[in-house]
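1. Next input, structure requested:
(one chain, ligands or ions: 2)
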Amino acid sequence: MGTFLYTVVCECESAEVAERFEAWLLEGHAMHVVEAGALEAEVVRRDERVLENRYVFASARAFERYEREGAPRLRADALARFGTSVRYTRSTGTSRAQRSVKGLRVETVPYFNDNYAYLVHAYTPGARGTRSCVVVDPGDAKPVIEAIAEHDLSIRAIWCTHHHPDHVAGVPDLLAAIGEVPVLGSRYDLEHTRIAKQTRGLVEGEVLPLLGHDFRVMNVPGHTLGAIAYVGAGMAFTGDTLFLAGCGRVFEGTMPQMHASLMRFAELDPDTRLYVGHEYTEANLRFAAHIEPNDAAIAARLEHVRALRAEQRFTVPGTVREELATNPFLRAKDATEFAARREAKNTF
Ligand code: ZN
Ligand code: FE
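-> Ligands and ions are numbered 1, 2, ... in the order given. A predicted model of the protein is given here:
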């Protein structure tokens, strides 16, 4: 049985209304439709005045239930906020062929020597016009501004993994260029006011809705005490806590704390795609091969990564499965072995 697609074309009376309407959709309304029964929600910008909401339901019956129970309240809410400045054209149908709602897509933005920022957005084949994204760790504004122009994206929020300047120093310049958007980071970093322009302090387990997907905030102290990861939609943004085949230095936390944080990544679904803060993979694998010289998986990954880097290609994303097989810090048998390996790596 096919899934049930429900689309709402929303024609706004001006570009300014469209901006506010889109922000309102993304900040919660789309998620409310998911809470009311949709499997997935997506907001696609058609042009400066027209948006299209696409909702996928498991079945026609699930959609009918939503129409009875969820929709009246949500429509009343939209009417109360936007009145007649937005006109809606609704259509429904069962069609696997039309089922174009996809997972999220990530654009990798390299900057400085080896840092990565990421643009997370919903990819819809054939969709035209500017689409929303969040940016993770804009340590440098200029390459991020160039990337959003290239991909026709508009930034709705900034997600910071930790306060180190190579991850967040670009935030003020980015805001100056794109206008004020929410700047998220940990509550710890907010309380210590160490991310300029941070507007919101996140706590463990908090859920961030993004384009119909839920991202969960995971506290991962060790590299810094305010370090967090964003985990959802089959991916994780790890900052400098976990690198591919490696991990960050333990600057503020303790070795057992960092070990425990890394173990949380080890417990994620093995297919989780890992988007890490730095391109350190090749050097990390050389260290891994030093620790486990006879390990075939490490040797094979090192060879693969060398080939990628020879062509200046990114090694991100990796997967949890690859890390379990090759990352000497995830493979340490306990916190003591982890600490010994971390110290050995510092001078390798
Ligand atoms: Zn850092
Ligand atoms: Fe860093």
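
2. Name the nearest residue to residue 12, ignoring sequence neighbours.
-> residue 18 (3.9 Å; Cβ to Cβ, 6 or more residues apart in numbering). Using the backbone N, CA and C atoms, a C-beta is placed for each residue, glycine as well.

3. any idea how far the one you found is from residue 48?
-> Per Cβ to Cβ, to the nearest Å, residue 18 is found 6 Å from residue 48.

4. These two: which is more packed in?
-> Legend: neighbour count by other Cβ atoms under 10 Å for residue 18 and residue 48, higher for residue 18 (22 against 14).

5. Against which helices or strands is whichever helix or strand that one is part of packed?
-> Using DSSP states H and E, residue 18 sits in helix 15-24. On a contact count with 3 or more Cβ pairs under 8 Å, 6 or more residues apart in numbering; DSSP states H and E, helix 15-24 meets strand 4-12, strand 40-45, strand 50-57, helix 71-82.

6. centre of the chain versus the helix or strand following it, how much separation?
-> Next along the chain after helix 15-24, taking DSSP H and E as the criterion, comes helix 30-35. Here helix 30-35 shows a centroid-to-chain-centroid distance of 18 Å under the convention Cα atoms, centre = their mean, to the nearest Å.

7. buried sites along helix 30-35?
-> The neighbour-count check on helix 30-35 (16 or more other Cβ atoms under 10 Å) flags 30, 31, 32, 33, 34 as buried.

8. Tell me, how many residues neighbour the closest residue in space to the last one that isn't next to it in sequence?
-> Translated: residue 34. Residue nearest to residue 34 in three dimensions, not counting chain neighbours: residue 41, with 5.1 Å by Cβ to Cβ, 6+ apart. Residues lying near residue 41 (other Cβ under 10 Å) number 25.

9. again, but for the one 10 residues further on
-> Here the number of neighbours of residue 51 (other Cβ under 10 Å) works out to 22.

10. so how far is ligand 1 from the residue lying closest to residue 17 once chain neighbours are set aside?
-> For residue 17, ignoring the flanking residues on the chain, the nearest one in space by Cβ to Cβ, 6+ apart is residue 85 at 4.8 Å. Residue 85 sits at a distance of 44 Å from ligand 1 (criterion: Cβ to the ion, to the nearest Å).

11. Also residue 322?
-> Applying Cβ to the ion, one obtains 22 Å for the distance of residue 322 from ligand 1.

12. For that residue, which residues are in contact?
-> 244, 301 (Cβ atoms under 8 Å, 6 or more residues apart in numbering).
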